[in-house]
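>>> Any chance you could fold what I've pasted below:
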Amino acid sequence: MKWISFIASDYALRVRILPGAQKLFKIMKKITIIFLLIFLFIPVLIFAQFNPDQGLVPACGGDGQPACRITDFFTMLANIYDFLVKWIASPLAIIAITVGGIILMTSAGNPQQASKGKEILKLAIIGLFLVWGSWVIINFIMTTIGYRGGWDTL
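Got it, this is the predicted structure:
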């Protein structure tokens, strides 16, 4: 069996890997870069349009405020949906993807740990697509019941 040695940094640390493991290290390097990009850029996209002064419930019906209308109800639903997707589900999915990636990368050839990491990754990505895809379901329901307002662009 042939061993390959590298010299890492200035410390002359010798790392020995099997020739077949180089392909695995290249894949792991790509996965690490993808996770880092997701971890760094998704929060920027998620929190780009949040207005903390707005709140979940629109200001109506109080003293000196206009009367509540049906559009205020749909505004409240849109605010709740945005809060759940942007502030709860997406950050939790990012944490789950990160944990699954760490478990997968630190499995060190243990097939049980590797399968556990893959399962966490798979379920987190499926959950993220379900949460982001729920907009399609909500839009279908809203147009089916006849609401033609701009609930999705509030």
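
>>> For the rest of this, base every contact and every neighbour count on C-alpha atoms.
Fine.

>>> Just say helix, strand or coil for residue 65.
Following DSSP: H, G, I helix; E, B strand; the rest coil, the label given to residue 65 is coil.

>>> State the distance from it to residue 59.
7 Å (CA to CA, to the nearest Å).

>>> what sits against residue 72?
58, 60 (CA atoms under 8 Å, 6 or more residues apart in numbering).

>>> And for residue 105?
28, 114.

>>> try residue 57
Taking CA under 8 Å, 6+ apart as the test, what residue 57 contacts is 75-76, 79.

>>> re earlier: so between residue 65 and residue 59, which is more surrounded?
Between residue 65 and residue 59, counted using other CA atoms under 10 Å, residue 59 has the larger neighbour count: 14 against 9.

>>> got a list of what the more buried one touches?
Residue 59 touches residue 65, counting by CA under 8 Å, 6+ apart.

>>> Sitting in helices, which of the contacts of residue 57 do you find?
Mapping the contacts of residue 57 onto helices (DSSP state H) picks out 75-76, 79.

>>> Export the residues you listed as a markdown table, with columns for pLDDT.
Output for the ones in helices among the contacts of residue 57, formatted as a markdown table (pLDDT from 0 to 100):
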| residue | pLDDT |
| --- | --- |
| 75 | 79 |
| 76 | 82 |
| 79 | 80 |
